[in-house]
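Q: dropping a prediction and its sequence here:
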Amino acid sequence: MLRSAQDVQPVLRWMQTELGADKVTCHKAVKLSGGAIQENWRLELQITGGRYDGEQLWVLRTDAPSAVAVSSSRVQEFTLLQAVCGQDVPVPQPICVCTDSSVLGRPFFLMTAVSGQAQGRKLVRDPKLKTTGPGLVAQLGEIMARIHKITPQDEHAQRYELSGLPGYNDSAAVFQIAQMRTALDQLGSAHPVLEYGLNWLEDNLSEWEGTGETVLCHRDFRTGNFLVEDGLCTALLDWEFAGWSDRHEDIGWLCARCWRFGNTHLAVGGLGPFSAFRQAYERISGQLLNVTAIGFWQVMAEIRWAVIALQQAARNRSGQEMSLELALSGYLVPEMEVNMLTLIDEITTGNWQDLDS
């Protein structure tokens, strides 16, 4: 387990063998901010000999001391990065993965560090956003469309054995409702507002289930999980929730009000208008979007983030991982409940106009 820069020595010895290097030196190891579910360390390396000879700036990614059950393993996430890397999807280049628990105590992988800003509150307050926003969300639409071109039957998916990723038998909507109900039951506390939202979604399944083929979804594609530099996305991060789903789930998550960081008038992550995103997405994917279905997936997004926030608070209370960030997550739930109830009211009364821009 990494607790300080000194703990990286076993990793360097493993890297030397794995990469065929004569020597691997770490000049600096810094734990990166964020990463409530996974842990990331930025390593400034000097590698002598082998394929990666020279100075390297890499990120070591491993599990946090406690984790969310639906999160993929580091091996699965590494494989995903390999799979999408060649599909014109901007991601950090995956370097190598270690499953030997004697090295660090748990699996980890190494990937290239990518420049850019990821903090949502800074991105939505960029003075240049009025100019760069439409182009940025159009690029996000193109990136998401390329991911969604990968299907379970796709040769690319079979080559990287992606069939083992989380998926569903009936419909993505039914599967997600069941997942959220199970997660709430496991928390051991009552959350009637979230249960009401799930009941409403179930009562209206005919409006949003079965709206498209099964595709590879990132399932955490949102402001805060991609890097932006000079108005362009340089890398899409945090693939631990990826799985097979309905394409509209990813879009509803990106456009959820909880991920706009105060820029409520800009539907796509608080960064730009939905029209720019939609045009780019449909052009690359060749698929027309069901905008009505996206509204229901927005409701699900508020519920899902509320459940994750409750799970994070529970991790702190368990004593497995004491963290102020995790502890405060539970206090975000009322905000998601208000967003959810407001969306339900707008959709029910015909006043939902979130994606009209």
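A: Thanks, I have it.

Q: now the strands for the stretch 151-300 of the chain?
A: Ranges of strands in the stretch 151-300 of the chain, per DSSP state E, counting those that start in this stretch, are 214-217, 226-229, 232-236, 243-246.

Q: give me the number of residues near Pro10?
A: 15 (other CB atoms under 10 Å). Just so you know, the C-beta spots here come from the backbone N, C-alpha and C atoms, and that holds for glycine as well.

Q: Leu81 reaches Pro94, doesn't it?
A: Yes - using CB atoms under 8 Å, Leu81 makes contact with Pro94 at a distance of 4.1 Å.

Q: re the thing from before, mind putting the strands of the stretch 151-300 of the chain in JSON lines, mean pLDDT and distance to Gln311 included?
A: Listed next are those as JSON lines, based on pLDDT from 0 to 100; distance: least, CB to CB, whole Å:
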{"stretch": "strand 214-217", "mean pLDDT": "96", "distance to Gln311": "20"}
{"stretch": "strand 226-229", "mean pLDDT": "98", "distance to Gln311": "23"}
{"stretch": "strand 232-236", "mean pLDDT": "98", "distance to Gln311": "23"}
{"stretch": "strand 243-246", "mean pLDDT": "96", "distance to Gln311": "17"}
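
Q: which one, of those strands, ends up nearest to Gly188?
A: With CB to CB as the criterion, Gly188 lies closest to strand 243-246 of the strands of the stretch 151-300 of the chain, at 25.8 Å.

Q: output the closest one as PDB, nothing but the C-alphas.
A: What follows is strand 243-246, C-alpha atoms only, in PDB (Å, rounded to 0.1, in the frame of the first residue of the first chain):
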ATOM      1  CA  GLY A 243     -20.100  -1.700 -18.900                       C
ATOM      2  CA  TRP A 244     -22.800  -2.700 -21.400                       C
ATOM      3  CA  SER A 245     -25.800  -0.400 -21.400                       C
ATOM      4  CA  ASP A 246     -28.200   1.800 -23.400                       C
END
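
Q: partners of it in the sheet?
A: Sheet pairing here is set by DSSP bridges, and for strand 243-246 it gives strand 214-217 (antiparallel).

Q: quick one, which of the strands of the stretch 151-300 of the chain gets closest to Ser171.
A: strand 243-246 (7.7 Å).

Q: excluding chain neighbours, what is closest to His156?
A: Leaving aside its chain neighbours, His156 sits nearest to Ile150 (5.8 Å; criterion: CB to CB, 6 or more residues apart in numbering).
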